[in-house]
Each structure stands twice: as C-alpha cells, then as structure tokens.
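[1] Sharing a sequence plus its predicted fold:
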Amino acid sequence: MSAKSPRKVRKVVFPVAGLGTRFLPATKVIPKEMLTVVDKPVIQYAVEEAIEAGIEHFIFVTGRGKNAIEDHFDLAYELEATLKARGKTAEIEILKATRPLFGAASFVRQQEPLGLGHAVWCARDIVGDEPFALTLPDMLIHGKPGCLAQMIETYNNHGGNVVAVEQVPHEHVNRYGVVALGKTFNERTHSITAMVEKPKIEDAPSDLIISGRYVLQPEIFEKLATQKPGAGGEIQLTDSMIALLSEQDFFAYKFDGKTYDCGDKIGYLAANVAYALDRPDIGPQFRPVLDDLMHK
C-alpha cells in the first residue's frame, strides 16, 4: 500500500497529441493547446500551474502538427534580439518566463490516437521509476493556489495516488470517469473505493468526476502496458487505475477552484472572460465592456 515517506513528485506529463477538431478551422494548423486564453496559450497555464507545484521536469506527449508547442517553450533568438534592440525589456522578461530551464522539457510522440492511457504510457521511459503528475491542459482550473499544488500537498501527507475530483449534475456523470468514496480524512480528502469510466447514469457510484489532474505511482505503466481498449475503443487511463486500486491507495481530492473545459467552445469562451476579469491590468477596463454587451 502507500509508502510511509512519499517520494518527491518531480515530473509532470502533458498529453497534447489531440487533433482539436471541435475548434476547426482554427486548429487546422495551430495546436488546440496553443489557442490563447486572454494572452497566453492554454498549455502555458498548465505549465505555470506545475511550476507553482514544484515540478522540475515537463514531459509533453505530442503528435504530428504539434511543433508549435515545442517552439513555444524554446528560445526565440530572432524575436528576443529584435526586442532587445528596441529596448523592449518588459516583453523580453515575459518571454523568459515562458521557458523551462535548459533540459527540463522533454517531448515524445504518440504516433496513433489510441487514447489517454496510451498517451501516458508513451511517457514511461522519461518518467522512469518515480511518482509523477499528470495534467490535461484542456481542463483549465482557476484557483489560488493552483490545483496541482493543492494535490501535491495532499500527496505529501498521504502518499499513494491522488486524483482531483469535482461534483457535476448527476445527469452528466456518463460523460466522465466517476469515483466512489470510502474513508474521509478531511473535508477535501477521501479514499477511493471504486472508479468507473463513463458509467450509465443509473449505475454511477457518485456525482464526483475525475477532473484532469492526477498524481500517480509508476506502477500505473505496468497496468497500461497490458490494458485492453475500453470506452470508445481507446486505452482508458481509468481502467488501469481501477486495476491498480487493488494494490495501492488512491485518494480523491476535492480541489478549491473553478474548472473551464477549454476543449469545449463554451468552456473556452467562459475561461477567457473569467481570466480577463481576474487580471488587474485588464479586468477594470473589461468589466464595463462586458456589462455593455450583456445589456444589448
């Protein structure tokens, strides 16, 4: 079961190989993760959340046409030289803040779209034999501190595997992975006794869904290696977590924050509004514009 002294979580995996077909034609040549919320790509928010949580190494599981993600986290010599020549020091600092340290980012290809579980498995050699975080960038979670930082604190206290969960209307549970709770440790942390991927509404064990943030032990890779296709004919991460549940502790963490599904047009638009209003340099000017639009 859980180790008495949890090993530090140093690495995070970002599955970013999806096609983003719901955002065509915008995603014809631009990865969906590079679509901006206000003035930063969605993937940048995920990376910053991981940095806040103390993550040291960032692993991107990409696919064809995703080179822009790698370029975004690289040094742009020509651009920075031009900005320097023009005295744009503030802009240079903005660019520097987007870059991980040298050697702290790795990129691996998922050659076929075989599901989230398969994407995670593709990162196995880079993760190695240590616990790791997993973040789905489409699920933008607005909170202070960030969701992953909250989860790492829970992991440091309990070890095992930690899964972020949130409540949804019961009629929507068939769209997600759903957990059943056991022992309560505090108002936000509970043991998990069962998980079901996209259950029938009448069979769902609760209305708590898995929300796109995980802290997982490396043994998950052994389960993924032999996992048969599940819902949608894909390798489902939830199915392998269910297999690991009989061997290791899993904890559900009810995070403090608001989720915006940026893989959905309405969620993406809502995220832009929420993040703009929260910005001290934009919010005060944007709010009256928004009020005016709402009353037309």
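    Cool, the structure landed.

[2] Quote the end-to-end distance of stretch 39-57.
    24 Å (CA to CA, to the nearest Å).

[3] Now do the contacts for Lys84.
    Ile92 (CB atoms under 8 Å, 6 or more residues apart in numbering). No exception for glycine: its C-beta is placed from N, CA and C like everyone else's.

[4] who's in contact with Ala149?
    Counting by CB under 8 Å, 6+ apart, Ala149 has contacts Glu49, Glu52, Ala53, Gly54.

[5] Now name the helix or strand holding the last one.
    To tie it back to what came earlier, the one meant is Gly54. Assigned by DSSP states H and E, Gly54 falls within no helix or strand.

[6] wait, isn't it in contact with Tyr155?
    No: if you go by CB atoms under 8 Å, Gly54 and Tyr155 don't touch, sitting 11.0 Å apart.

[7] what's the overlap in contacts for these two?
    Joint contacts of Gly54 and Tyr155 (CB under 8 Å, 6+ apart) are Val9.

[8] And the two? Which one has more around it.
    Taking other CB atoms under 10 Å, Gly54 and Tyr155 do not tie; Tyr155 has more neighbours (25 against 15).

[9] helix or strand for the more buried one, which one?
    Here Tyr155 is assigned to helix 147-158, by DSSP H and E.

[10] about what we covered before: quick one: which of the contacts of Ala149 has the most company?
    For the contacts of Ala149, neighbours tallied by other CB under 10 Å; top is Glu49, 25 neighbours.

[11] looking at it, that residue is touching Cys147, isn't it?
    Yes: Glu49 is in contact with Cys147 according to CB under 8 Å; the separation is 6.8 Å.

[12] which neighbours do those two share?
    Contacts common to Glu49 and Cys147, judged by CB under 8 Å, 6+ apart, are Ile141.

[13] what would the contacts of Ala149 look like in TSV with distance to Gly128?
    Listed next are the contacts of Ala149 as TSV, based on distance: CB to CB, whole Å:
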residue	distance to Gly128
Glu49	22
Glu52	23
Ala53	19
Gly54	18
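
[14] Tell me the one among those residues nearest to Tyr275.
    If you rank these by distance to Tyr275 using CB to CB, Glu49 comes first, at 12.9 Å.

[15] Tell me what angle the helix or strand that closest one falls within forms with helix 147-158.
    Here Glu49, judged by DSSP H and E, is contained in helix 42-52. Relative orientation of helix 42-52 versus helix 147-158 (axes from the mean of the first three to the mean of the last three CA atoms, to 10 degrees): 30 degrees.

[16] So which helix or strand of this structure has the lowest pLDDT on average?
    helix 89-97 (a mean of 82; mean pLDDT, DSSP states H and E).

[17] list the contacts for the nearest residue to Gly65 once chain neighbours are set aside?
    For Gly65, ignoring the flanking residues on the chain, the nearest one in space by CB to CB, 6 or more residues apart in numbering is Pro31 at 6.8 Å. By CB under 8 Å, 6+ apart, Pro31 lies in contact with Val16, Gly20, Gly65, Lys66, Ala68, Ile69.

[18] what's the distance between Pro31 and Phe23?
    10 Å (CB to CB, to the nearest Å).

[19] confidence score at the nearest residue to Asp256 once chain neighbours are set aside?
    Distance criterion CB to CB, 6+ apart; nearest residue to Asp256, sequence neighbours excluded, is Gly143 at 5.4 Å. Listed pLDDT for Gly143 reads 88.

[20] just Glu247 next, same as before
    What the model reports as pLDDT for Glu247 is 93.

[21] before we move on, what about the one 10 residues further on?
    Per-residue confidence for Gly257 comes out at a pLDDT of 93.

[22] unless I'm mixing things up, it is touching Ile141, no?
    Yes: with contact defined as CB under 8 Å, Gly257 reaches Ile141; the gap is 4.6 Å.

[23] Which of the two has more residues huddled nearby?
    Ranked by neighbour count (other CB under 10 Å), Gly257 and Ile141 place Ile141 first, with 24 against 19.

[24] Tell me the secondary structure at that one.
    Assigned with DSSP: H, G, I helix; E, B strand; the rest coil, Ile141 falls in the strand class.

[25] you'd agree it is up against Asp261?
    No: the pair Ile141 / Asp261 is not scored as a contact, 10.2 Å apart, by CB under 8 Å.

[26] Can you show me the strands along this structure?
    Under the criterion DSSP state E, strands of the chain are mapped to 11-15, 36-37, 40-41, 57-62, 105-109, 132-135, 139-142, 161-167, 177-184, 189-197, 208-216, 250-254, 258-261.

[27] With distance to Trp121 added, can I get these in TSV?
    Shown next, in TSV, are the strands of the chain (distance: least, CB to CB, whole Å):
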stretch	distance to Trp121
strand 11-15	10
strand 36-37	29
strand 40-41	25
strand 57-62	9
strand 105-109	10
strand 132-135	12
strand 139-142	20
strand 161-167	16
strand 177-184	17
strand 189-197	16
strand 208-216	12
strand 250-254	19
strand 258-261	24
